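In: Below are the sequence and a predicted model for it; my questions follow.
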Amino acid sequence: MTATAERDPGLQPERTRLAWRRTTLSATVVGLLAVRQALHGGATPAALIAVALSAAAWLGFLVVAHRRMLRMEAARPEPLAPRGALAATLCTVALAVFAAAMLC
């Protein structure tokens, strides 16, 4: 009989948590720049819709990131679920699309 040793996660969960925080901060900056661009270029209805959609995408990403950071506190964190990865990807792509729409 061999006893399985408890896995020492080291600093990997901390690095992953910090990476999620940095990405969330980047998404926040993108959202704030979108608001600035919309107000600077004149608050047209299209710009306001793009800002509102950007805010919704940002909130969606924030929820996914927060849930992931909470799960990283476990000694053996589970891998990111495909649903969470898809949601984070869609929110990121949506932010890019809305940013491009605001530049036009």
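Out: In hand now; what should we look at? Residues are numbered from 1 along each chain as shown.
In: So for this structure, the centremost residue is which one?
Out: For the chain, the residue nearest the mean C-alpha position is residue 61 (3.6 Å; CA atoms, centre = their mean).
In: what about that residue, helix or strand, and which?
Out: Mapping residue 61 onto the secondary structure by DSSP states H and E places it in helix 45-71.
In: Name the residues of that helix that come out as buried.
Out: 47, 50-51, 53-54, 57-58, 60-61, 64-65, 68-69, 71 (16 or more other CB atoms under 10 Å). Where you see a C-beta, it was placed from the backbone N, CA and C, and this is true even at glycine.
In: Looking at the residues you listed, which has the smallest pLDDT value?
Out: Of all the buried residues of helix 45-71, the one the model is least sure of by pLDDT is residue 47, with 77.
In: For residue 77, which three-state class applies?
Out: Using DSSP: H, G, I helix; E, B strand; the rest coil, the structure places residue 77 in coil.
In: my read: it touches residue 69, true?
Out: No. Using CB atoms under 8 Å, residue 77 is not in contact with residue 69, being 10.0 Å away.
In: From the rest of the structure, what touches the strand or helix carrying residue 86?
Out: Under DSSP H and E, the secondary-structure element containing residue 86 is helix 82-103. With CB atoms under 8 Å, 6 or more residues apart in numbering as the contact definition, helix 82-103 has outside contacts at 27, 30-31, 33-34, 37-38, 41, 46-47, 50-51, 53-54, 57-58, 60-61, 64-65, 67-68.
In: And for residue 31, the neighbour number?
Out: Counted with other CB atoms under 10 Å, residues neighbouring residue 31 total 21.
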